[in-house]
Structure formats: structure tokens, C-alpha cells
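*Asks:* Next comes the sequence, and after it the predicted model I'd like to discuss.
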Amino acid sequence: MGPKPEVQPAPDAPPAPAAPPAPAAPPAPGAPADAGAPPVPDKGPKQTPEELAFYAPNYLCLTIFAVILCPPLGFIGIYFCYKTSVANRNSKWEEAYSNSGRTGYVDVMAILIGLGLIYRFTLFE
């Protein structure tokens, strides 16, 4: 059994109608929504540019260094870093700034402790 030849339409046949889109496919961006389609849920609160300007610093890079140099304190830094980002998204500015400060202090202490341990074991042993 060889490969089956492809079926070619007759030259004088009308073109086949285009297949309708899949029923679960989302509409193209910019296309008008169907009248019977359920509304698309919003992905969260929209923040204004003024609110975005109040974002507390997240110190993600410091947190990564803290996890590498002193994991016990680095994991605490990850926790506060996460709480800062959640508070920023929810526009809870006081909580975001207090968690941001905690993240900074914990990360700096973890980095200093890690560097101190490295220096001690390389210089004195």
C-alpha cells in the first residue's frame, strides 16, 4: 500500500466555505465581542500612574544574594519580599513600605553574615 494521492478539487467547483472558529477560542484583540458571550473577568484592580509611583522597593537582587550567602536569613527575606509585592499590588502602602524595610534589613544582615563566614573560613583556617 503506497501513499494515497491528495484529492484536488475540480477546476470549475466553487471554493469551500471557511471553517467557523472553534467555540472556545477567544476573540481576536480589537474585535467586537459577541452579544451572547459572557463578560471576560478582570485580572485585578487597575492602578493609576500616581498609585504606581508609590510602589515600595522590592529588593529582589539583594534577596537573591542573601539566599546564596546565608540561606536561613535569605528565606526570611524571600517572605518579606513576597509580602511587599502583594501589598504593592493591593495598594496597601503602609504595609508595603514596612515589609520593604524589613526585607532590606534582613537581606543586608544575611549578606554581611555570609561574607563574614566566608572571610573567617578562608583567612583563619
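*Replies:* Happy to help now that I have it.
*Asks:* Show me where this protein has its helices.
*Replies:* Under the criterion DSSP state H, the chain contains helices at 49-52, 60-69, 71-89, 93-123.
*Asks:* Quick one: residues in contact with the first one.
*Replies:* Contact partners of helix 49-52, identified using C-beta atoms under 8 Å, 6 or more residues apart in numbering, comprise residue 91. Glycine gets a C-beta too; all of them are placed from N, C-alpha and C.
*Asks:* cool, and the third one?
*Replies:* Contact partners of helix 71-89, identified using C-beta under 8 Å, 6+ apart, comprise 44, 55-56, 58-60, 62-63, 66-68, 93, 95-96, 99-100, 102-103, 106-107, 109-110, 113.
*Asks:* returning to that earlier point: can I get the helices of the chain in a markdown table with mean pLDDT?
*Replies:* Shown next, in a markdown table, are these (pLDDT from 0 to 100):
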| stretch | mean pLDDT |
| --- | --- |
| helix 49-52 | 76 |
| helix 60-69 | 95 |
| helix 71-89 | 94 |
| helix 93-123 | 94 |
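*Asks:* In a markdown table: the ones you listed, plus mean neighbour count and distance to residue 12.
*Replies:* Listed next are the helices of the chain as a markdown table, based on neighbours: other C-beta atoms under 10 Å; distance: least, C-beta to C-beta, whole Å:
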| stretch | mean neighbour count | distance to residue 12 |
| --- | --- | --- |
| helix 49-52 | 9 | 61 |
| helix 60-69 | 18 | 66 |
| helix 71-89 | 19 | 62 |
| helix 93-123 | 16 | 71 |
